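S.K.: sequence-free structure coming up:
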């Protein structure tokens, strides 16, 4: 299971790195792709945790939960890819989903769009869940 999780993260990191390099040409190596990947994972995870909080307590979750989850995911990706020097290995390996560049790019962009959408859908989802609890 651990290897599958790392394989998934490696592909996501590699394609985040490629997108970052395409957008910002002639840049020095940076830790931004690891930060971006942490945010990509953190936003939907924080939304899930906030939704569970609302479901359990029928109250709006404190902002620190969302912020803590996002920062924890960013910190974890920095630890995995920057501080453990996994970044160089992943970039040399060029991992892909199903051995297909197109599939990998499609899956990566889809996950990025879902992550970005989760950032903006948190409010309406939270409002709906609170209305189900009878919150005014």
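M.R.: Yes, it's here. Computed from a predicted structure; not experimentally measured.

S.K.: In the helix or strand of the chain with the lowest mean pLDDT, which of the residues would be classed as buried?
M.R.: Lowest by mean pLDDT, DSSP states H and E among the helices and strands of the chain is helix 2-23, with a mean of 84. By neighbour count on 16 or more other Cβ atoms under 10 Å, the buried set for helix 2-23 is 9-20. Placement of C-beta: from N, CA and C, glycine included.

S.K.: quick one: low-confidence parts of the chain?
M.R.: Across the chain, the ranges flagged by pLDDT under 70 are 1-2, 25-29, 135-136.

S.K.: What are the boundaries of the helices in the chain?
M.R.: Remark: helices assigned in the chain by DSSP state H are 2-23, 32-57, 63-77, 86-93, 101-133.

S.K.: which strands and helices sit next to the shortest one?
M.R.: Packed against helix 86-93 by the contact rule (3 or more Cβ pairs under 8 Å, 6 or more residues apart in numbering; DSSP states H and E) you find helix 2-23.

S.K.: just the longest one next, same as before
M.R.: Based on contacts counted as 3+ Cβ pairs under 8 Å, 6+ apart, the elements that helix 101-133 packs against are helix 2-23, helix 32-57.

S.K.: any chance of the ones you listed in CSV, with distance to residue 63 too?
M.R.: Putting the helices and strands packed on helix 101-133 into CSV (distance: least, Cβ to Cβ, whole Å) gives the following:
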stretch, distance to residue 63
helix 2-23, 26
helix 32-57, 10
